[in-house]
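# Kindly return the folded structure for what I paste below:
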Amino acid sequence: MASTLHSHLQSLISTLTQTTTLITRLQTLSFQPGSESLSENPNSVRLELAQDIHDSLAQLDEDLELLRLELEDLTDSHGTGSAGFSGLAGRTRSGSVRRGSKAGEAERLQAGVLKLGEDLKGARAGFRRAQIVAKKNAEAAKVQERELLFASLRQEPVARDSSGASTPRESLFAHRSKGKAGRSGQQVRSGDDLLVTTSSDLTTSLRRTHALLETEMGRSHFATETLEQSTAALAELGDKYTDLGSVLGKSRELLSTLVRSQKSDTWYLETAFYLLCATLVWLIFRRLLYGPFIRLPLFFYRVGIFLLNWVVLKPILLFCTVTGIITTTPYNPTSSSLAYQSTTTRRPLIIQPSASEGVRQFIPGMADKLKSVGVPAGAGGGGAKRDKSGELSGKVSEGIGKMAAGEGAEEVKRGDGTVLRERREDEKPNPRKKGFVDETLEGAAERGEGKVRDEL
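A predicted model of the protein is given here:
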């Protein structure tokens, strides 16, 4: 980057040297009478040279400004700091050799740019002086041309007078007619000079007017062309700006779409990554850690329980069985009930079923003993079917029996005030009322057996 700027600076310096040479040539330009036309000619050497110098100086200004901007960017990028092009003091070198060399090179470039700017200012001042000097020389050449033209016009009457008086009469009376001819020639010369001067001035004025008109026409034509070009450039620039605005709008929409897509894609990628991590962790756990840490301890636990059962518990149980500590005789509920009857002093509660087959005979003679033993109750129990009104009178069980029989029962009412009563024998049952019917009872009814009623 620095080498490119240095080469650019050298090219600008060489261009300025050439421009200075042209300025010197313009300043020392000499004009001979007749080399410059009396009217302003745009194709003259002086004007062409001045136009070339002006274009060269303008191009140098643009290149120098670009070089300054590039040098500022270079100094900012290297961190050397920019103190402007008006002062180079106050710069500090860094500890690094490379950074110091770059800083020194940047300072040299800045010094070269400053010197080039000063030389360019001097060249502009010299160009203005050279234009003034060249214009003065051109005007002097034009004045000399007019003087020579006037001198040639004055010499024509004198040549005519010298070519007259060749006859003897004229030569004889020459001394007489000399005075008259001198006086009349003086008058003629004065009138001719006045006419020539007036005509030359008029011609010069007309030439100047024509030159001014040509110059103004050229300027107006140039202004018209410039205006047309500017209008076309502005229209094209407007179209470009319109296209640029539409492109920027579409770019903004595209960027917003890309941002939304990036967010969704990022979420999908993160979710997939987390699922992949969970799957990898599960595979590692299942393939590598599940066996050693779960199945292997469980295997050892089961092996230990198996060994404990067959090595310790089974021999102990066998030993207790052999020694009689633990018996294998089955449990007999009859013997336990007899033992219970023989040890208790309380009379047992005997329930007499109304089935036709009677009481099941567990032990011969046990049914008679159970019938003889009973506890009086209000509505059931031992002796409930027999007439033992004397035993129930005046006891609490009598009241309980009456309550069970329905004596003194109060009327039952529903929430709407309807009194509930028992169904009579001549009334048919409610067909809508559902009830549970035992299949064994239905089968007994079909076989003609009576309904077995449990009195419990």
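# And the pLDDT for residue 73?
Per-residue pLDDT puts residue 73 at 79.
# repeat for residue 348
With respect to pLDDT, residue 348 scores 50.
# Likewise for residue 284?
91.
# ok, now residue 205?
At residue 205, the model reports a pLDDT of 79.
# State the helix or strand in which it lies.
helix 174-284 (DSSP states H and E).
# Next: residue 429.
Judged by DSSP H and E, residue 429 forms part of no helix or strand.
# what do you get for residue 424?
Counting by DSSP H and E, there is no helix or strand that carries residue 424.
# Who are the packing partners of the helix or strand hosting residue 152?
Residue 152 belongs to helix 97-162 when elements are defined using DSSP H and E. For helix 97-162, the elements it packs on are helix 2-27, helix 45-78, helix 174-284, judged by 3 or more C-beta pairs under 8 Å, 6 or more residues apart in numbering; DSSP states H and E. In short, each C-beta sits where N, CA and C put it, glycine included.
# tell me the angle of the shortest one relative to helix 45-78?
So the one you mean is helix 2-27. Angle between the axes of helix 2-27 and helix 45-78 is 160 degrees (criterion: axes from the mean of the first three to the mean of the last three C-alpha atoms, to 10 degrees).
# Could you check the angle helix 2-27 makes with helix 97-162?
With the same axes, to 10 degrees applied, the angle from helix 2-27 to helix 97-162 works out at 20 degrees.
# Then the longest one?
Relative orientation of helix 174-284 versus helix 97-162 (the same axes, to 10 degrees): 160 degrees.
# Who are the packing partners of helix 174-284?
Checking 3+ C-beta pairs under 8 Å, 6+ apart, helix 174-284 ends up next to helix 97-162.
# Roughly how far does residue 251 sit from residue 245?
10 Å (C-beta to C-beta, to the nearest Å).
# same check, this time on residue 215
44 Å.
# Of the two, give the one with the bigger neighbour count.
Higher neighbour count among residue 215 and residue 245: residue 215, with 13 against 10, using other C-beta atoms under 10 Å.
# What distance do you get for the more buried one to residue 209?
11 Å.
# got it, and residue 322?
Counting by C-beta to C-beta, the gap from residue 322 to residue 209 is 159 Å.
# Next: residue 44.
From residue 44 over to residue 209 (counting by C-beta to C-beta), the distance is 19 Å.
# Which one of those two is surrounded by more residues?
More crowded of residue 44 and residue 209, by other C-beta under 10 Å: residue 44, with 16 against 11.
# how close does the more buried one get to residue 29?
Residue 44 sits 10 Å away from residue 29, going by C-beta to C-beta.
# And residue 250, by the same measure?
Applying C-beta to C-beta to residue 250 and residue 29 gives a distance of 60 Å.
# Mind checking which of the two has more residues around it?
residue 29 (16 against 10).
# Now for that one: which residues touch it?
By C-beta atoms under 8 Å, 6 or more residues apart in numbering, the residues touching residue 29 are 45-46, 49, 134, 137.
# Now for those, which sits with the most neighbours around it?
The most crowded member of the contacts of residue 29, judged by other C-beta under 10 Å, is residue 134 (23 neighbours).
# quick one: that residue and residue 148, what's the gap?
21 Å.
# Any idea how many residues pack against residue 146?
What residue 146 shows, counting by other C-beta under 10 Å, is a neighbour count of 15.
# Does it touch residue 204 like I think?
Yes. Counting by C-beta atoms under 8 Å, residue 204 is a contact partner of residue 146 at 7.3 Å.
# Any regions of this structure where pLDDT drops low?
The model of the chain has pLDDT under 70 over residues 1, 32-43, 77-101, 153-191, 328-412, 414-415, 433-456.
# try 80 this time
Counting by pLDDT under 80, the chain shows low-confidence ranges at 1-3, 5-6, 29-46, 73-106, 141-142, 144-202, 205, 218, 324, 326-456.
# Please tell me how far residue 312 sits from residue 305.
11 Å.
# same thing with residue 192?
Here the criterion is C-beta to C-beta. By it, residue 192 lies 158 Å from residue 305.
# Just want to know which of these two has more residues nearby.
The neighbour comparison of residue 192 against residue 305 (other C-beta under 10 Å) goes to residue 192, with 15 against 11.
# what secondary structure does residue 298 sit in?
Secondary structure assignment for residue 298 (DSSP: H, G, I helix; E, B strand; the rest coil): helix.
# and it, how far is that from residue 304?
From residue 298 over to residue 304 (counting by C-beta to C-beta), the distance is 11 Å.
# before we move on, what about residue 204?
The value you get for residue 204 to residue 304, if C-beta to C-beta is used, is 139 Å.
# The two: who's more crowded?
Remark: of residue 204 and residue 304, residue 204 carries more neighbours, 15 against 10, as counted by other C-beta under 10 Å.
# My read is that the more buried one contacts residue 143, right?
No. With contact defined as C-beta under 8 Å, residue 204 does not count as touching residue 143 (11.1 Å).
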